[in-house]
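Chemist: kindly return the folded structure for what I paste below:
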Amino acid sequence: MLQTSRAGRIAVCLMVLAAFHSSSSAEPEPIEKADLLRGPWSGGRVHRESVLFVRGAEGEASAKLLYDAERLLEVRSADGRTTFEAGRDFRPTADGSGLELTADSRIPFLEESALFPPKDSPRSLAHKTGDPETNVLFDNEHWFHDQQVEVSYVPHNPRWDAHVPTFAGDRLPRVAARLKNKEPLTIVVTGDSISNGYNASEFTNAPPFVPPYPKLVASQLERTCGSKVALHNLAVNGWSSAQGAADFDKVTRLDPDLVIIAFGMNDVGRRDPEGFKANIQSMLDQLRDNRPEAEVILVATMTGNPDWRATPAEMFPVYRDALKSLEGPGVVLADLTAVWQRLLKRKRFADLTGNGVNHPNDYGHRVYAQTLLTLLIDPNSASESAD
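Modeler: Next comes the predicted model:
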């Protein structure tokens, strides 16, 4: 049984089809509220980490945090409209690793069985890995956002035992110099639906209207570095790296200073990392032939739902390693694959997803932006505090 006070429209489109998108007329959330100069690896307070409460066959509905909480600062609905109260709506779990709901909580939750509904169920996709009779919960608008909660807290002894993104100014010297000198910067993004903006709340026309990660990156660069950033987002939902390579002339025609290449989610199911690498290499070759001064960030995609047949978990690090082999002068890797794997050591995929299978929620888009900004902004010259 699904426990929720709001029903989203049933989504019937597959990953490669476009969901209807109404442009939001509302103002996006101010960039200063996004806390983009720190990532989950940074230590210190945790800002608006997302969770989705799930109830198993026994016990109360609960959710795990990335770190044990020493002190809770705020628990609020993902739309920002409701602040929940300790004791009334939730309480810390006995081991301090997360939160559980009270009997009269106002916070929505799912039954664990709802994550994997029977075949042909509404709001679902075929199928769970190894089980054609069981689907995976899916909605490509803001239904997941409506169920999720954001938690800000002071962690107890936080330990990020995984890849830590670092400033890449020595490997992106031209971009770093332009930002240091407050010169204009042209960024072109090519990628799939994640980079296109699915399921950021601005994209789905839902409060608090957090923009997709490319907009977050551009806005924070302007705010922190003082450069005027021209952002051209050419990402297309459903595209694989092959389509990106075939269409890459559109990227070079925009005369970019920085190109963000972000494919993989729609490639991993093919289990062909060498073909993927060849497609990315084709993009790099085209760029060198037409815009040799441009620099590149290769984005190793977030991982998909490990229980969905189209996103085999074991392939993501293989595809990431294919990208890593292409690093060199002017070409660096943003390893979202490693970041997501670390997040999922403690958290459910449902905590981080915008659609249940292969898109990030607002928190995920912010983590994408935090990772890219760490590569681009010199921590010694950033004008904003990371406290």
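
Chemist: which residues does the longest helix along the chain contact?
Modeler: Across the chain, the longest stretch assigned as helix under DSSP state H is helix 273-290. Helix 273-290 is touched from outside by 190, 240-242, 244-245, 248-249, 251-252, 259, 261, 263-264, 267, 270, 294, 296, 298, 315, 318-319, 321-323, 325-326, 331, with contacts defined as C-beta atoms under 8 Å, 6 or more residues apart in numbering. The way it works is simple: take the backbone N, C-alpha and C, and place the C-beta from them, glycine included.

Chemist: now stretch 237-251
Modeler: The contact list for stretch 237-251 (C-beta under 8 Å, 6+ apart) reads 15-19, 188, 190-193, 196, 198, 234, 236, 259, 261, 263-264, 266-267, 270, 275-276, 279-280, 282-283, 286-287, 290.

Chemist: if we go to 7 Å?
Modeler: Outside stretch 237-251, the residues that touch it by C-beta atoms under 7 Å, 6 or more residues apart in numbering are 15-18, 188, 190, 192-193, 196, 198, 234, 259, 263, 266-267, 276, 279-280, 282-283, 286.

Chemist: likewise for stretch 351-366?
Modeler: When contacts are defined by C-beta under 7 Å, 6+ apart, stretch 351-366 is touched by residues 15, 34, 36, 48-52, 63, 78, 125, 136-140, 144-145, 148, 193-194, 198-201, 210, 212-213, 216, 265, 302, 304-305, 308, 311, 343, 368.

Chemist: could you do stretch 48-60 as well?
Modeler: For stretch 48-60, the surrounding residues in contact (C-beta under 7 Å, 6+ apart) are 61-63, 65-66, 78, 100-101, 107, 109-112, 147-152, 348, 350-352, 361, 363.

Chemist: can I get the buried part of those as one ChimeraX selection?
Modeler: Per 16 or more other C-beta atoms under 10 Å, the buried members of the contacts of stretch 48-60 correspond to this ChimeraX selection:
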select :61,62,63,65,66,78,100,101,107,109,110,147,148,149,150,151,152,348,350,351,352,361,363
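
Chemist: from the contacts of stretch 48-60, which ones fall inside helices?
Modeler: Using DSSP H, those in helices are 147, 350-352, 363.

Chemist: out of the contacts of helix 273-290, which are buried?
Modeler: Among the contacts of helix 273-290, those classed as buried by 16+ other C-beta under 10 Å are 190, 240-242, 244-245, 248, 251-252, 259, 261, 263-264, 267, 294, 296, 298, 315, 319, 322-323, 326, 331.

Chemist: now the helices for the stretch 201-350 of the chain?
Modeler: Shown for the stretch 201-350 of the chain, the helices assigned by DSSP state H, counting those that start in this stretch span residues 213-225, 241-246, 249-252, 273-290, 315-324, 336-343, 349-352.

Chemist: adding mean pLDDT and distance to P184, write these out as TSV.
Modeler: Written out in TSV, the entries for the helices of the stretch 201-350 of the chain read as follows (pLDDT from 0 to 100; distance: least, C-beta to C-beta, whole Å):
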stretch	mean pLDDT	distance to P184
helix 213-225	98	10
helix 241-246	98	25
helix 249-252	98	18
helix 273-290	98	19
helix 315-324	98	28
helix 336-343	98	27
helix 349-352	98	34
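
Chemist: closest to A162 out of those helices?
Modeler: Shortest distance between A162 and these, using C-beta to C-beta, is found for helix 336-343: 3.7 Å.
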